[in-house]
Structure formats: structure tokens, C-alpha cells
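Novice: just the structure for this:
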Amino acid sequence: MIRGVVAVSGAALLLAGCAEGPFARKPKAEAAPAGEAAAASEAPVAAKAPPPPENARTAAQFDTTTDEEKQAAAAAPVAAERELGTTIASLGDPTDPGFWAETPYVTSAQSGRLVYPGNGNSVQVELRPSGGPEGSGTRVSLPAFQVLGAPLTGLPELVVYAGSAG
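Specialist: Reported below is the predicted structural model:
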């Protein structure tokens, strides 16, 4: 009897935690007042793709970027960038479209680049502050993971650079 109560309670707690998990749908953002438009990110590449459909279930359905956007994001390094460090990456919220990375290496949104040393691929992204302590890892968008050719279910090591081709 007690085992059953514990099992049901554990399952309820597990399911309750799903509402805040990485796959939880975010509410649609309200339009920013006109004066706040200038506070928008310096790296618009993250916002180009539309959000995935409500019934998305596969990586292909969640990735709403075009082949052209992926080719543009796979740009070469630029002289004005600087290496911020190496990080362990995991898949970020797949419902958040575009090319971005939430990392503890930045305190404000800015343009940057990720390199996957496993194959040498790189991708231009919007670097977003994660709020975590340095060494806490980086969450990367689904399209950026795909351009990098990194394993979606793995924890690949990436090199993070600040700066962009602007």
C-alpha cells in the first residue's frame, strides 16, 4: 500500500516538473513599447525563424530555419572576434527559434560564434546570458546544433567567441 502511494506521488511530482522543463511552451511575448525597440538584441539571427507549430514533435518540425539561414549562420571567423572560453553544450529550448546560445560567458545579448572542435564546424549565433556561474555550461538552439553537426543528445564541448561579421 505504501509503495503504491509513494509511486503515485513520485509520478505526480515528476509530471508537475514538466511544466517548467526545457520543452515547456513559452507564452507569446507582447510587443515592446516603441522606446524599447533600441534595447533589442544586437544579433538578429536568433529571431529570424518563426516559432515551430504547436504540434511539433520531431527535430525537423521544431527547426523552422531555412537552408539559406543555415548557410549564412555557418559563416567563417572574423578578425574582430575574441575567444571567451570552452563550454559543455546541451540542447536548449527547441521551441525558441533561430541561432542562439545561452552561456555564462556574457552578461548581455551580443553576436558571437560557436565552434565544434569535433569536426571543425562553426555557426554564428546570438550569445545570450544564461545567468549561471562560469563553467555551468551552455544551452544551444536546435538549428545551431544542426549546423555544427554536434550530437543533439550528447554533451559536446564547444569553443565560444564574441564578435561577428556584422
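Novice: low pLDDT regions in the protein?
Specialist: For the chain, applying pLDDT under 70 flags the ranges 1-50, 52, 56-79, 164-166.
Novice: residue boundaries of the strands in it?
Specialist: Secondary structure of the chain (DSSP state E): strands at 82-91, 100-103, 110-116, 121-129, 138-140, 157-162.
Novice: Ser90 and Val140 touch, don't they?
Specialist: Yes: applying C-beta atoms under 8 Å as the test, Ser90 and Val140 come out as touching, 7.3 Å apart. For glycine as for every other residue, the C-beta is placed from the backbone atoms N, C-alpha and C.
Novice: neighbour count winner among these two?
Specialist: Val140 (28 against 17; other C-beta atoms under 10 Å).
Novice: give the contact list for the more buried one.
Specialist: 89-92, 100-102, 114, 125, 148, 150, 158 (C-beta atoms under 8 Å, 6 or more residues apart in numbering).
Novice: highest neighbour count among those?
Specialist: Val125 (31 neighbours).
Novice: look up how far Pro133 lies from the closest residue in space to Ser141 that isn't next to it in sequence.
Specialist: Leaving aside its chain neighbours, Ser141 sits nearest to Trp100 (4.8 Å; criterion: C-beta to C-beta, 6 or more residues apart in numbering). Taking C-beta to C-beta, to the nearest Å as the measure, Trp100 falls 20 Å from Pro133.
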